[in-house]
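> Here is my input; please provide its structure:
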Amino acid sequence: MKDIISCFAIEDAVSEPRPLKVGFINDSFIVPAAKEGGTSYFLQRINHHIFQDVDGLQRNIQKVTDHIRQRLEAEGERDLDRKVLRLIPTKSGKLYHLRHTEEGDEYWRVYVLIDAQSQETVTPQSAELAGEAFGRFQCQLSDLPFSELTESIPRFHDVEYRLDQLDEAAKSDAAGRVAECGELLEKINRRREEMCLAERLFREGRLTKRINHCDTKVNNMLFDEQGRPLCIVDLDTVMPGFVLSDFGDFMRTAANTGLEDDPNLDNIHVNMDVFDAYTRGYLREATFLTPLEKELLPYGCRRMSYMQAVRFLTDYLNGDTYYKIQYNEHNLVRTRAQIRLLEEQEKVQDEMQKIIAAR
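Reported below is the predicted structural model:
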């Protein structure tokens, strides 16, 4: 670990790295400063099996953080290293260190460690703050052309592509499970045309792509001692997409009264207090939205629940090859839960639309 750290252009002496159990994709470590008042660092081994274009991934993060830092400097903000991530290059100037081992190649990166707090639960108050933070994040990047970034996971939030994957899984029926999924497949197929609306509008030139976070959860934000948002983190999935996805993905988790894999579908409803609060904060900051984007935000909620149901069902039909499962029908339970959330969102879409229109 010390050999890896020594490859980076760090500013202060550091102590022994210690593992940090955060996230499920990359391996993370805190590298404490050796002396009080020194700079500490955040070391990560990038999962290059998921993020196969490490060059593109790191360039994305550098472009986004540089752009936000410039915006903050122009606004007179201080303490920038607490308000935007800062990548530390290697001594040769690269954005990551490639290490060859007998087990295979490893890709490492280093950030300046931000001294802040995280949150796991969402209340209407924290939802409004999260809406402000993610709306501000998108606004700060709204003048950075999406074409300057690569897709760190190609076609990640492309519903047409996800449906193609489902069709292929159903056709091959590798795990012999299609026969038991007829009702779920019918519910998905019935909504195909509606849920591919964004892709059609983009091809028609009516809906633009922008730079999205693509994993808008409250635990991907850092907060100061007073509980105010400081910084958006976990930028691996920052890439071009529709703003509807970021808005909808937060609602898919935070405004769901049940669990993502809730076996009791009666638990699943839409928390309209969280929806209202997040919308209030988001629209206060997301001043760049076109009228069409604003109008389609409730559709973005349904779209993300639908897409996640498609992904869970695809994995179930393929024999559970992508998502980690805790029991044999876990992905099937997840699919049913996401379909129920979609159905609940459909029931309140008019109410959602009124909340959006009133802002």
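> List the single closest residue to residue 158 in space, sequence neighbours excluded.
The shortest distance from residue 158 to any non-neighbouring residue, by Cβ to Cβ, 6 or more residues apart in numbering, is to residue 199 (6.8 Å). For glycine as for every other residue, the C-beta is placed from the backbone atoms N, C-alpha and C.
> Any chance you could list what contacts the helix or strand where the one you found lies?
Assigned by DSSP states H and E, residue 199 falls within helix 197-203. The contact list for helix 197-203 (Cβ atoms under 8 Å, 6 or more residues apart in numbering) reads 158, 159, 160, 207, 208, 209, 242, 244, 292, 296, 299, 303.
> As a markdown table, those with pLDDT, secondary structure and neighbour count would be great.
Shown next, in a markdown table, are the contacts of helix 197-203 (pLDDT from 0 to 100; DSSP: H, G, I helix; E, B strand; the rest coil; neighbours: other Cβ atoms under 10 Å):
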| residue | pLDDT | secondary structure | neighbour count |
| --- | --- | --- | --- |
| 158 | 97 | coil | 19 |
| 159 | 98 | helix | 22 |
| 160 | 98 | helix | 13 |
| 207 | 97 | coil | 19 |
| 208 | 95 | coil | 14 |
| 209 | 96 | coil | 17 |
| 242 | 96 | coil | 23 |
| 244 | 95 | helix | 23 |
| 292 | 98 | helix | 11 |
| 296 | 98 | coil | 22 |
| 299 | 98 | helix | 20 |
| 303 | 98 | helix | 28 |
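> Just the closest of those to residue 282, please.
Proximity of the contacts of helix 197-203 to residue 282 (Cβ to Cβ) peaks at residue 244, which lies at 11.8 Å.
> In contact with the residue lying closest to the closest one once chain neighbours are set aside, which residues are there?
In this structure, residue 244 finds its nearest non-sequential neighbour in residue 300, 3.0 Å apart by Cβ to Cβ, 6+ apart. By Cβ under 8 Å, 6+ apart, the contact list for residue 300 reads 242, 243, 244, 245, 247, 248, 251.
> Give me the pLDDT for the last one.
We have a pLDDT of 96 for residue 251.
> Quick check: the gap between it and residue 56.
29 Å (Cβ to Cβ, to the nearest Å).
> same question, the third one
In this structure, residue 244 lies at 24 Å from residue 56, with Cβ to Cβ as the measure.
> So for this protein, the centremost residue is which one?
The chain has residue 215 as the residue nearest its centroid, 0.8 Å off, counting by Cα atoms, centre = their mean.
> Name the SS class of that one, please.
Secondary structure state of residue 215, per DSSP: H, G, I helix; E, B strand; the rest coil, is coil.
> Quick check: residue 211 is in a helix.
No: assessed with three-state DSSP, residue 211 is strand; it does not lie in a helix.
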